[in-house]
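Undergrad: predicted coordinates and the sequence they were generated for:
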Amino acid sequence: MKVAIQGELGSNSHMATVEMLCNQSGLEIIPCTVSAQVLAKVVSGEVDCAVLPIENSLHGSVAEHYDLLLELPVRIDGESLLRIRHNVIAMPGVKLEEVRRVMSHPVALSQCRRFLAAHSEFEVVPFYDTAGSVKHLMAAGLRDVAGIAPELAARVYSAEVLVAGIEDHTENYTRFHLLRREDAPSAGNVTDANKMSLAFAIEHRPGTLVVALQRLADAGVNLTKIESRPVPGSPWEYVFYVDVRFETAKDADAALVALREHCRMVKVLGRYRAA
């Protein structure tokens, strides 16, 4: 099975993929530079599926991924929650006192502010990827540079963890989606689905959003998340993304019928088992 991820091997997306698909034999992970490239590989059939983050418990939603889910013929087939741990990683044999520069993705840096504030001697440099920072320092032989990345990055690139668990908050989780092409057969058991992700657009009139949400409630589903994204070319109009939990497939079907009667656009992004 070929799975595309955004970022380098050793990243949190790599870890989430292994956890989510650990029962698959012959798992091949394809690292990509940007998320659009990840999903382009899914749509073209170059890979079987993709794993992308959709939301972090501290940083919030990944807005770009909502836009791509609406735009492209892909569907959500599953989700997982990954506990995020940030570690200071350097070349083998390097001591913390030898480090002069620390690199990582801006989100990772922002989640380690206390540690970085306590080490004002470090020059803090944003980098394109957490694991990529470790890959770079190892390839370049930089003994005065450390990356902030998952422990897996140290194993992948034969580096060494200097300080483990430097994140500000231990309750730091990222939710990942398993994505397949819209017409691909599902690898899981759809009958045990209890969660549905939807995108919908409503008329730009007072009260229309309230009515849409009330229809979901009347159908017996539980709204667990709502997100809005602007409609390109239509200032101050939005597409709404919602996650709902349901007891039976009949409840989910009823919610869809009720929503479609009221909204000018409804797209089912996926039905799957909640993490």
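TA: Done, it's in. Numbering: from 1, shown residues only.
Undergrad: mind listing the helices for this structure?
TA: Assigned by DSSP state H, the chain shows helices spanning 12-20, 35-44, 63-71, 106-110, 113-118, 130-140, 151-156, 208-218, 249-262.
Undergrad: now do the fifth one, average pLDDT.
TA: Here the mean pLDDT over helix 113-118 is 97, rounded to a whole number.
Undergrad: what residues does that helix touch?
TA: Identification of contacts with helix 113-118 by Cβ atoms under 8 Å, 6 or more residues apart in numbering yields Val88, Val102, Leu109, Phe122, Val124, Val163, Ile166, Asp168. (Each C-beta comes from the backbone N, C-alpha and C, glycine too.)
Undergrad: can I get it in CSV? Just the C-alpha atoms.
TA: Provided in CSV are the C-alpha atoms of helix 113-118 (Å, rounded to 0.1, in the frame of the first residue of the first chain):
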residue,chain,number,x,y,z
ARG,A,113,7.8,28.6,23.9
ARG,A,114,8.7,27.9,27.5
PHE,A,115,11.6,25.8,26.7
LEU,A,116,12.9,28.2,24.1
ALA,A,117,12.4,31.2,26.5
ALA,A,118,14.5,29.3,29.1
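Undergrad: could you pull out the buried residues of that helix?
TA: Buried residues in helix 113-118, defined by neighbour count with 16 or more other Cβ atoms under 10 Å: Phe115, Leu116.
Undergrad: out of the contacts of helix 113-118, which sit inside strands?
TA: Using DSSP state E to define strands, the subset of the contacts of helix 113-118 located there is Val88, Val102, Val124, Val163.
Undergrad: tell me which two of the residues you listed sit farthest apart.
TA: Spatial extent of the ones in strands among the contacts of helix 113-118 (Cβ to Cβ) is set by the pair Val124 and Val163 at 14.8 Å.
Undergrad: go ahead and confirm Ala4 touches Ser44.
TA: No - counting by Cβ atoms under 8 Å, Ala4 does not reach Ser44; the two are 10.5 Å apart.
Undergrad: neighbour count for the two, which is higher?
TA: Neighbour count, other Cβ atoms under 10 Å: between Ala4 and Ser44, Ala4 has more, with 26 against 9.
Undergrad: what's the per-residue pLDDT of the closest residue to Leu198 other than its chain neighbours here?
TA: Excluding its sequence neighbours, the residue lying closest to Leu198 (Cβ to Cβ, 6 or more residues apart in numbering) is Val242, at 5.3 Å. Val242 carries a pLDDT score of 97 in this model.
Undergrad: and the gap between Val242 and Leu81?
TA: 19 Å (Cβ to Cβ, to the nearest Å).
Undergrad: neighbour count winner among these two?
TA: A direct count of neighbours by other Cβ under 10 Å for Val242 and Leu81 places Val242 higher, at 22 against 15.
Undergrad: quick one on the thing from earlier: tabulate the contacts of helix 113-118 (JSON lines), appending pLDDT, neighbour count and distance to Ser25.
TA: Output for those, formatted as JSON lines (pLDDT from 0 to 100; neighbours: other Cβ atoms under 10 Å; distance: Cβ to Cβ, whole Å):
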{"residue": "Val88", "pLDDT": "98", "neighbour count": "24", "distance to Ser25": "35"}
{"residue": "Val102", "pLDDT": "98", "neighbour count": "25", "distance to Ser25": "38"}
{"residue": "Leu109", "pLDDT": "96", "neighbour count": "20", "distance to Ser25": "37"}
{"residue": "Phe122", "pLDDT": "97", "neighbour count": "19", "distance to Ser25": "42"}
{"residue": "Val124", "pLDDT": "98", "neighbour count": "16", "distance to Ser25": "41"}
{"residue": "Val163", "pLDDT": "98", "neighbour count": "16", "distance to Ser25": "36"}
{"residue": "Ile166", "pLDDT": "97", "neighbour count": "21", "distance to Ser25": "35"}
{"residue": "Asp168", "pLDDT": "94", "neighbour count": "15", "distance to Ser25": "38"}
